[in-house]
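> Sequence and predicted structure below; questions after.
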Amino acid sequence: MRKDPTDAEKKLWGLLRRDRLDGHRFRRQVPIAGYIVDFCCLSAGLGIEADGGQHGDDRDKRYDQQRSEALLAKGIRIIRFPDHDILKYPDAVEEAIGRALADPPPP
């Protein structure tokens, strides 16, 4: 992703970088529990995924659910945004991330 990010990933990184969200620091492409999390704030225990069209069928949804559960077991809760929403409604995405950051991190 770092070498060739999608438009949605570029837009999302623009929302997350430089402590824009109350001083929370996000990193890109963070390895956790054998997975790579698109964007992660370790101190808040929050991972953010930009989901393209490949996440639409049932098999992929099951995989994403298993992945989210494995990451939660490591203390990282995952929120997902479809690429379309990131590009069309960035303010709503930023607001949803802010709400998630306000929640306490998982134990």
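It's in.
> rest of the way, CA atoms for contacts and neighbours
Noted.
> Show me the residue at the heart of this protein, geometrically.
residue 48 (0.7 Å; CA atoms, centre = their mean).
> Quickly find the element holding that residue.
Using DSSP states H and E, residue 48 maps to strand 46-51.
> Ok, residue 87 next?
Per DSSP H and E: residue 87 is located in helix 83-88.
> next one: residue 22
Going by DSSP H and E, residue 22 is not part of any helix or strand.
> what's the angle between the lowest-mean-pLDDT helix or strand in the chain and strand 46-51?
Every helix and strand in the chain was compared by mean pLDDT, DSSP states H and E; the lowest is helix 58-73, with a mean of 89. Taking axes from the mean of the first three to the mean of the last three CA atoms, to 10 degrees, one finds helix 58-73 and strand 46-51 inclined to each other by 170 degrees.
> list the buried ones in the helix holding residue 87?
83, 86, 87 (16 or more other CA atoms under 10 Å).
> can these go into CSV with extra columns for distance to residue 68 and pLDDT?
Formatted as CSV, the buried residues of helix 83-88 follow (distance: CA to CA, whole Å; pLDDT from 0 to 100):
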residue, distance to residue 68, pLDDT
83, 18, 93
86, 20, 96
87, 23, 96
